[in-house]
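Asker: Got a sequence here, can you build the structure:
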Amino acid sequence: MLLCQIGVKEVEEPISKTYCRCSLGWMKNLFKTLLDKLVKVELIESIVSGGKTCQFVIYYEDSNGGEKDGIYE
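Answerer: Numbering: from 1, shown residues only. This is a model prediction of the structure:
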């Protein structure tokens, strides 16, 4: 049984790995809105692909023009 933390509870059948790609878009929109900045999102690992957690890195530009990142699990 798989347990996905983003939108899916417990399922008996395998979840498509493309589902995680949808989450990238959701994260990008969420953090772009919260930070009011352009962001880039990278998927590090996911439960669906065999990881222990779903882990994303959010890249954004700080007020001085430098790039920052934050990991979201």
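
Asker: now the helices for this protein?
Answerer: Per DSSP state H, the chain carries helices over the ranges 18-35.

Asker: Which parts of it are strands?
Answerer: All strands of the chain, identified by DSSP state E, fall at 2-3, 10-11, 39-45, 55-61, 67-72.

Asker: mean pLDDT for those strands: which is lowest?
Answerer: Of all the strands of the chain, the minimum mean pLDDT falls on strand 2-3 (a mean of 46).

Asker: where's residue 43 relative to residue 54, distance?
Answerer: Using CB to CB, to the nearest Å, residue 43 is found at 8 Å from residue 54. C-beta here means a position set from N, CA and C on the backbone, and glycine is covered the same way.

Asker: The two: which has the busier surroundings?
Answerer: Using other CB atoms under 10 Å, the more surrounded residue of residue 43 and residue 54 is residue 54, with 20 against 17.

Asker: Quick check on the closest residue to residue 20 other than its chain neighbours: phi, psi?
Answerer: Once flanking residues are discounted, residue 20 sits nearest to residue 46: 4.5 Å by CB to CB, 6 or more residues apart in numbering. For residue 46, the backbone dihedrals (degrees, to the nearest 10) come out as phi -140, psi 160.

Asker: gap between residue 54 and residue 23?
Answerer: Residue 54 sits 7 Å away from residue 23, going by CB to CB.

Asker: now do residue 40
Answerer: Counting by CB to CB - residue 40 and residue 23 are separated by 14 Å.

Asker: what's the answer for residue 64, then?
Answerer: Separation of residue 64 from residue 23 (CB to CB): 30 Å.
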